[in-house]
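*Asks:* prediction below, plus the sequence it came from.
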2 protein chains.
Amino acid sequence: MLTTDLLVEGVHFARTTASFEDIGYKSAAANLSDIAAMGASPDYALVSLAIPSSLTPSDIHRFYRGFMMACRPYGVHLVGGDTSSSYQDLFVNITLTGSVAAGRAIMRDGARAGDLLYVTGTLGDSLAGLKLLSSRKRAKTRSMRSIGETRLIRRHLRPSPRVEIGHLLSAHRLATAAIDVSDGLSGDLRHICTQSGVGVEVDAQALPLSSELRTYAHVHAMDPVAIALQGGEDYELLFTVSPRNRAKLLERCRQMTCPVSCIGIIRPKTFGVRLKDRAGAMRRLPQVSYRHFQAVSQRREVS
Amino acid sequence: MLTTDLLVEGVHFARTTASFEDIGYKSAAANLSDIAAMGASPDYALVSLAIPSSLTPSDIHRFYRGFMMACRPYGVHLVGGDTSSSYQDLFVNITLTGSVAAGRAIMRDGARAGDLLYVTGTLGDSLAGLKLLSSRKRAKTRSMRSIGETRLIRRHLRPSPRVEIGHLLSAHRLATAAIDVSDGLSGDLRHICTQSGVGVEVDAQALPLSSELRTYAHVHAMDPVAIALQGGEDYELLFTVSPRNRAKLLERCRQMTCPVSCIGIIRPKTFGVRLKDRAGAMRRLPQVSYRHFQAVSQRREVS
């Protein structure tokens, strides 16, 4: 299988908030995450760069260092690519190949009413990290940041692709559908629902939130659940599991360091895409699409 | 096998000289040509586009129409890609997969001293076409162009990837090394020489020139051989053949519509990369690198 991802300066990243190592690392992680969501093992990478004249050879070297830092744990080989000049902005296009045993690839169209909806790790951390990086207080030195803030920023700049758990889900046929959370829970969940022809009920109370995100939201008088719903680029896996495989999933996941949380249930298509809020009221899941770097550069705030 | 190619507006193409169909067609052809040079059959394509707001949905539709026009004869399936916004310029990144029987892929490192150097079709037409498109007389309406000029422009905008002949070379193990002429004869030939650890003697007299190029050069008081040496984006195949396979090659090629010409001989590395000019004098092959659209946008002229 093949995946490709285009990252554009000013749209997906900014040199003011990310180092070249970060940009390289994240461009690899985004593609590794795509491969992970199909339950596959990543194999070969191609990197295309359109490079503005403002970059030095050392900047490019640092980009590749970050890129390989993300790839090396999975034995991914960088086998080629293309470079070009660019007038102003840096453009990065990554292509990654992956392989999976015949018939084991996890698609987006296999979710059925009654399946349980799971997500790995925690949601919203990346958006909080991006907000911290982009806030006017960014002059703050590293040492002045709390450990929690540093962790949120790291979650944004150096996300962990869930390759191992993706592989576990495919190897044991545990997931009926999967996707990675890159554009945000609401948008990515809609891809599964549309392609599987189903609806979904998401439980706001069950969304996994890190203690760092809760602290951040408290300090900034924000709703952590709203951040988790709006946030993108967490690169967690969102997947559906038949109820009969629930025990097997939990048993397997106990052996992994990455926690999984059940956050809802797949419903028939007519049910729509709905959120049960913390008061137990059911409402439509707001259709917000994470806009990467623009989310903050345009000073959009989570309402 | 995998190939990727990045095309940047203002570097590789200009909207003033190419339609969106042309841009789509050529971005496919460049990648098909890469696959052809390895003797492989193209299979699947991924298209990434960074799209400036000045483009309309119809422009994008026309890009894909041109792209598929080039792909369809080879049964290539467009299986995915990515899109993003861009501030100013259109960026296109194509990834193409190809397949070839085990052990049959043609590499760049197999040329040996004594091998004959061949090229398909004719050289320099694309550069002449680009010059015609970019000259100040571009206000000239289509109907005022001669048939020859129209053909040169077409060779620039709609190059024919040599997929069939690439396949023939690999299927019958006829070539010891191959590359496609995208950056220009001099640069691409150097790739074969460096990777094979050999030198080469190119015969200026033997370079295949179209009658359209000869007429163009005559009218503009230029040297057609210089255009052929400097030109790029002809997407012809440049390949080396062991002398014992010469008769077999010519026999096979008689069945193809595309002519091949022997333009030189591979020499030991110490010989270097040299050109026997029309007077029979030997000199270093000038190291000019075709600079795509910039070749003309910067008003560089063939000397």
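*Replies:* Cool, got the structure. Predicted model, so just to flag it, every value in this text is computed and none were measured.
*Asks:* can you tell me the element the residue of the stretch 51-200 of chain A found nearest chain B falls in?
*Replies:* In the stretch 51-200 of chain A, the residue that lies nearest chain B is residue A:93 (3.9 Å; CB to the nearest CB). Placement of C-beta: from N, CA and C, glycine included. Secondary structure from DSSP states H and E places residue A:93 in strand A:91-99.
*Asks:* was I right about residue A:214 contacting residue A:224?
*Replies:* Yes. At 5.3 Å, residue A:214 and residue A:224 qualify as touching, with contact defined as CB atoms under 8 Å.
*Asks:* quick one on the thing from earlier: partners of the strand holding residue A:93, with directions?
*Replies:* Partners of strand A:91-99 in the sheet, by DSSP bridges, are strand A:2-8 (antiparallel), strand A:41-52 (antiparallel).
*Asks:* looking at those strands, spot the one closest to residue A:180.
*Replies:* Smallest distance to residue A:180 across the strands paired with strand A:91-99 (CB to CB): 10.2 Å, for strand A:2-8.
*Asks:* residue ranges with poor pLDDT in the stretch 201-303 of chain A?
*Replies:* Residue ranges of the stretch 201-303 of chain A with pLDDT under 70: A:289-303.
*Asks:* hmm, back to that, show the average pLDDT along the helix or strand that the strand holding residue A:93 is followed by.
*Replies:* Heading C-terminal from strand A:91-99, the first helix or strand you meet, by DSSP H and E, is strand A:116-120. Averaging pLDDT along strand A:116-120 gives 98.
*Asks:* what about the strands in chain A?
*Replies:* Per DSSP state E, chain A carries strands over the ranges A:2-8, A:41-52, A:77-86, A:91-99, A:116-120, A:177-180, A:198-203, A:237-241, A:260-268, A:273-276, A:282-284.
*Asks:* and the longest one, what's buried?
*Replies:* Put plainly, it is strand A:41-52. A:41-51 (16 or more other CB atoms under 10 Å in any protein chain shown).
*Asks:* could you give the angle of that strand to strand A:77-86?
*Replies:* 20 degrees (axes from the mean of the first three to the mean of the last three CA atoms, to 10 degrees).
*Asks:* pull the CA atoms of strand A:41-52 into PDB?
*Replies:* Extracted in PDB, the C-alpha atoms of strand A:41-52 (Å, rounded to 0.1, in the frame of the first residue of the first chain):
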ATOM      1  CA  SER A  41       4.300  -2.100   8.400                       C
ATOM      2  CA  PRO A  42       6.000   0.900   6.800                       C
ATOM      3  CA  ASP A  43       8.800   0.000   4.300                       C
ATOM      4  CA  TYR A  44      10.100   2.600   1.900                       C
ATOM      5  CA  ALA A  45      10.000   6.400   1.800                       C
ATOM      6  CA  LEU A  46      10.300   9.000  -1.000                       C
ATOM      7  CA  VAL A  47      10.900  12.700   0.000                       C
ATOM      8  CA  SER A  48      10.200  15.600  -2.400                       C
ATOM      9  CA  LEU A  49      11.300  19.000  -1.300                       C
ATOM     10  CA  ALA A  50      10.700  22.400  -3.000                       C
ATOM     11  CA  ILE A  51      13.300  24.500  -1.300                       C
ATOM     12  CA  PRO A  52      13.300  28.400  -1.100                       C
END
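*Asks:* tell me how far that strand lies from the chain's centre.
*Replies:* 19 Å (CA atoms, centre = their mean, to the nearest Å).
*Asks:* so how far is stretch A:20-27 from its chain's centroid?
*Replies:* For stretch A:20-27, the distance to the chain centre is 15 Å (CA atoms, centre = their mean).
*Asks:* pull the residues that contact that stretch.
*Replies:* Applying CB atoms under 8 Å, 6 or more residues apart in numbering or on different chains, the contact partners of stretch A:20-27 are A:5, A:7, A:13, A:15, A:18, A:47, A:59-60, A:62-70, A:90, A:92, A:94, A:157-159.
*Asks:* let's see which of the residues you listed end up in helices.
*Replies:* Using DSSP state H, the subset of the contacts of stretch A:20-27 located in helices is A:59-60, A:62-70, A:157.
*Asks:* show me where the stretch 101-250 of chain A has helices.
*Replies:* With helices called from DSSP state H, counting those that start in this stretch, the stretch 101-250 of chain A shows them at A:125-134, A:147-157, A:163-171, A:185-196, A:211-219, A:224-230, A:246-254.
*Asks:* elements contacting the third one?
*Replies:* Going back to what we said before, that points to helix A:163-171. Secondary-structure packing of helix A:163-171 (3 or more CB pairs under 8 Å, 6 or more residues apart in numbering or on different chains; DSSP states H and E): helix A:20-37, strand A:41-52, strand A:237-241, helix A:246-254.
*Asks:* need the ones you listed in JSON lines with distance to residue B:229, can you?
*Replies:* Below are these laid out as JSON lines (distance: least, CB to CB, whole Å):
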{"stretch": "helix A:20-37", "distance to residue B:229": "38"}
{"stretch": "strand A:41-52", "distance to residue B:229": "28"}
{"stretch": "strand A:237-241", "distance to residue B:229": "54"}
{"stretch": "helix A:246-254", "distance to residue B:229": "63"}
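*Asks:* ok so, going back, mind putting the strands paired with strand A:91-99 into JSON lines with mean pLDDT?
*Replies:* Putting the strands paired with strand A:91-99 into JSON lines (pLDDT from 0 to 100) gives the following:
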{"stretch": "strand A:2-8", "mean pLDDT": "92"}
{"stretch": "strand A:41-52", "mean pLDDT": "96"}
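*Asks:* could you dump those strands to JSON lines with distance to residue B:198?
*Replies:* Shown next, in JSON lines, are these (distance: least, CB to CB, whole Å):
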{"stretch": "strand A:2-8", "distance to residue B:198": "35"}
{"stretch": "strand A:41-52", "distance to residue B:198": "28"}
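*Asks:* give the contact list for residue A:28.
*Replies:* Residue A:28 touches A:45, A:66-71, A:76, A:94, counting by CB under 8 Å, 6+ apart.
*Asks:* whoops, residue A:7 was the one
*Replies:* A:13, A:23, A:26-27, A:30, A:91-94, B:84.
*Asks:* check the gap between residue A:266 and residue B:209 for me.
*Replies:* 66 Å (CB to CB, to the nearest Å).
*Asks:* same deal with residue A:245?
*Replies:* 68 Å.
*Asks:* give me the nearest residue to residue A:256, chain neighbours excluded.
*Replies:* Distances taken as CB to CB, 6 or more residues apart in numbering or on different chains place residue A:165 nearest to residue A:256, at 5.9 Å, with adjacent residues excluded.
*Asks:* go on, residue A:86?
*Replies:* residue A:50 (3.7 Å).
*Asks:* correct me if wrong: the one you found contacts residue B:8.
*Replies:* Yes. The pair residue A:50 and residue B:8 qualifies as a contact (CB under 8 Å) at a distance of 5.1 Å.
*Asks:* can you list residues touching both of these two?
*Replies:* By CB under 8 Å, 6+ apart, the residues touching both residue A:50 and residue B:8 are A:84-86, A:91, B:91.
*Asks:* dump the residue contacts of residue A:60.
*Replies:* Contacts of residue A:60 by CB under 8 Å, 6+ apart are A:20, A:49, A:51.
*Asks:* residue contacts, the residue sitting furthest away from the middle of chain A?
*Replies:* Outermost residue of chain A with respect to the C-alpha centroid, by CA atoms, centre = their mean, is residue A:53; its distance is 31.0 Å. When contacts are counted by CB under 8 Å, 6+ apart, residue A:53 touches residue A:85.
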